[in-house]
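Peer 1: sequence plus predicted model, see below.
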Amino acid sequence: MSTSNGVEVKKPQFLEKTIVVTGASSGAGRAIAIELSKHGAKLVLAGRRMEALDKLEAECRENGALAIAVETDVTDAQQMKKLAITANQFGGGIDVWINNAGVLAAGEFTETPVEVHDRVIKINLMGYLHGAHAVLPYFKRQGHGILINNISVGGWFPVPYGVGYSASKFGLRGFSEALRGELIRYPDIHICDLFPAFLDTPGIQHAANYTGHILRPAPPVYDPQRVARNIVSIIQHPKQGTTIGSVASFLRLAHFFAPAISRFVTAKMVEAYLKIAPPAPKSSGNLFEPIDYGTSIHGGWNTASDANVRRKSAGRVLLVAGVAVGLMLLGKSKLSKKQFH
């Protein structure tokens, strides 16, 4: 703490911390980087789009942080090891590694090319595993470190017509749990998972799309800056799991208590949307090559013009799902009573 003209000025919280952010060129990754730059962190910004990363680096530096941009494909384990080497040299160690790079592919399972499913798994699941494999040797030598995995509510709640995505996100939850067990001997190495609800990012605009229709995120969508603020809190006070957004909590509970009905309702909702959605050509999106649009934090899904429509839609979704879960629990209760009479 220092003083200026008798006024207390707070020292930036993360001035001595070196933090790596993957998938930093847009969306939640960009929000995370900008938020951390305001806290004085030394930032290593990783992604496939160097032009976007260079602009982000400049913005972080304007906020008073040290930052470097490193072109990195998370599916390449050797590139991830080089990213860790660069970060260690840049910061004199690595304090926090944020696995954030992720993609989405939507479409009926058998109508989506198997190469697309493979790529989703490689980016979403293997990308995080590569990150952990690259940074944990540094954490072990230091005796401390925080690995943050931005997983999404998809780690708890399956997404029909997004089978590869669900496989990757459920896999991430198992990956984190197993890794925690293995690191019991290192009490100051923390594995922290985030489970945000649907976010207002360009992610769905980047998605591979084999539905034949325009994709929109399921309402309500949350500001990705909520993820960034939660990450600041987690770095200060690490904890294993953080659910972001009331919808994420609801979906997690719905699938836990009534998996069959929650799957059924979700599938029917997706099918109903696709019947009325405008047509769109099939596309592999940004899975195999980066694309040059959508480099902002937000995707524009929370515009004022459709805010009321989205709130009403979200309310209907929650009402239908809530009634469905209630009916399922009631059915289970009646079945249990019959078993005892």
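Peer 2: Looks like it came in fine.

Peer 1: show me where the chain has its helices.
Peer 2: 27-37, 50-62, 77-91, 114-121, 127-142, 163-182, 203-206, 225-236, 246-257, 259-276, 307-339 (DSSP state H).

Peer 1: so can I have a markdown table of those showing mean neighbour count and mean pLDDT?
Peer 2: All C-beta atoms are positioned from the backbone trio N, CA, C, and that covers glycine. Output for those, formatted as a markdown table (neighbours: other C-beta atoms under 10 Å; pLDDT from 0 to 100):
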| stretch | mean neighbour count | mean pLDDT |
| --- | --- | --- |
| helix 27-37 | 27 | 98 |
| helix 50-62 | 18 | 98 |
| helix 77-91 | 18 | 98 |
| helix 114-121 | 17 | 98 |
| helix 127-142 | 20 | 98 |
| helix 163-182 | 18 | 98 |
| helix 203-206 | 22 | 95 |
| helix 225-236 | 18 | 98 |
| helix 246-257 | 18 | 93 |
| helix 259-276 | 15 | 94 |
| helix 307-339 | 13 | 46 |
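
Peer 1: got those as JSON lines, with distance to residue 156 columns?
Peer 2: Below are the helices of the chain laid out as JSON lines (distance: least, C-beta to C-beta, whole Å):
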{"stretch": "helix 27-37", "distance to residue 156": "18"}
{"stretch": "helix 50-62", "distance to residue 156": "30"}
{"stretch": "helix 77-91", "distance to residue 156": "26"}
{"stretch": "helix 114-121", "distance to residue 156": "18"}
{"stretch": "helix 127-142", "distance to residue 156": "16"}
{"stretch": "helix 163-182", "distance to residue 156": "7"}
{"stretch": "helix 203-206", "distance to residue 156": "18"}
{"stretch": "helix 225-236", "distance to residue 156": "16"}
{"stretch": "helix 246-257", "distance to residue 156": "4"}
{"stretch": "helix 259-276", "distance to residue 156": "10"}
{"stretch": "helix 307-339", "distance to residue 156": "14"}
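
Peer 1: mind checking which of those helices is nearest residue 100?
Peer 2: helix 27-37 (4.6 Å; C-beta to C-beta).

Peer 1: helices or strands next to the closest one in the packing?
Peer 2: Packing contacts for helix 27-37, counted by 3 or more C-beta pairs under 8 Å, 6 or more residues apart in numbering; DSSP states H and E, involve strand 18-21, strand 42-47, helix 50-62, helix 225-236.

Peer 1: try 6 Å
Peer 2: The helices and strands touching helix 27-37, judged by 3 or more C-beta pairs under 6 Å, 6 or more residues apart in numbering; DSSP states H and E, are strand 18-21, helix 50-62, helix 225-236.

Peer 1: contacts for the first one next, please.
Peer 2: Right, the one you point to is strand 18-21. The contact list for strand 18-21, computed with C-beta atoms under 6 Å, 6 or more residues apart in numbering, reads 29, 32-33, 36, 41-45, 87, 91, 93-98.

Peer 1: so residue 23 makes contact with residue 29?
Peer 2: Yes. With contact defined as C-beta atoms under 6 Å, residue 23 counts as touching residue 29 (4.1 Å).

Peer 1: return every residue with contacts to both of the two.
Peer 2: Overlap between the contact sets of residue 23 and residue 29, as judged by C-beta under 6 Å, 6+ apart, is given by residue 100.

Peer 1: would you list the phi and psi of residue 300?
Peer 2: Residue 300 adopts backbone torsions of phi 80, psi 20, taken as degrees, to the nearest 10.

Peer 1: so how many other residues sit close to the nearest residue to it once chain neighbours are set aside?
Peer 2: If the residues on either side of it in the chain are set aside, residue 300 comes closest to residue 200, at 7.4 Å by C-beta to C-beta, 6 or more residues apart in numbering. Per other C-beta atoms under 10 Å, the neighbour tally for residue 200 reads 23.

Peer 1: how much space between residue 200 and residue 26?
Peer 2: 12 Å (C-beta to C-beta, to the nearest Å).

Peer 1: any idea what the spatially most central residue of the chain is bridged to?
Peer 2: In the chain, the residue lying closest to the centroid (C-alpha atoms, centre = their mean) is residue 150, at 3.9 Å. Bridge pairing for residue 150 (DSSP bridges) gives the partners residue 194.

Peer 1: just residue 189 next, same as before
Peer 2: Note on residue 189: beta-bridge partners by DSSP bridges are residue 145.

Peer 1: what's near enough to touch it?
Peer 2: Going by C-beta under 6 Å, 6+ apart, residue 189 touches 139, 145, 183.

Peer 1: would you turn these into a markdown table with distance to residue 165?
Peer 2: Shown next, in a markdown table, are these (distance: C-beta to C-beta, whole Å):
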| residue | distance to residue 165 |
| --- | --- |
| 139 | 28 |
| 145 | 28 |
| 183 | 27 |
